[in-house]
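K.L.:
sequence plus the predicted model coming up.
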Amino acid sequence: MQCYFCDTRPADPQTKVEKPVYQLTKYSHLLVARRFEFSVLKVDIPRCTECSRLHKKGKKTFNWWFWSFLLTFCIFGLPIIVVALILGGAIGYLLGRMFEKKIYTRNKIKPLTKRSFETYPPITEKLLQGWTLKKPGS
């Protein structure tokens, strides 16, 4: 089987991505309480060792940028901590996503995003049957 994320290398069963899909089976609403019952199906997405490594590297890159800016802005913006948290978090998030995306585009692989999961044929098929990637009630 071929890796879905790069479409070039053979998949490694140990690095597959398990993506749950959900289907609402029962919903009840009692005044303020809502109750959801749903089925869960885990779809295995084949991935090679190299794509697994690059996904981990992308996640680490994002986390580094996000936490570096958040903590830096908090330390130097103590008098206005709320503004520092928002500003540091926003800048860190944007830079982190930018550098994470750069890793994926440079290596020509699909990221671990909702959009790339939705285009995986077995998941696309389930979505057309009424399943969803989002857990009901969340």
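P.N.:
Okay, I see it.

K.L.:
what's next to stretch 100-109, contact-wise?
P.N.:
The contact list for stretch 100-109 (C-beta atoms under 8 Å, 6 or more residues apart in numbering) reads Phe5, Cys6, Cys51, Leu54, His55, Lys57, Gly58, Lys59, Thr61, Phe62, Lys110, Pro111. In short, each C-beta sits where N, CA and C put it, glycine included.

K.L.:
list the buried residues of the helix or strand that the fifth one is a member of.
P.N.:
Assignment of secondary structure by DSSP states H and E places His55 within helix 49-76. When burial is assessed from 16 or more other C-beta atoms under 10 Å, helix 49-76 yields the following buried residues: 50-52, 54-55, 58, 61-62, 65-66, 69-70, 73.

K.L.:
reformat the residues you listed as a markdown table; add distance to Lys101.
P.N.:
Formatted as a markdown table, the buried residues of helix 49-76 follow (distance: C-beta to C-beta, whole Å):
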| residue | distance to Lys101 |
| --- | --- |
| Glu50 | 18 |
| Cys51 | 15 |
| Ser52 | 18 |
| Leu54 | 12 |
| His55 | 12 |
| Gly58 | 8 |
| Thr61 | 10 |
| Phe62 | 9 |
| Trp65 | 12 |
| Phe66 | 14 |
| Phe69 | 17 |
| Leu70 | 19 |
| Phe73 | 22 |
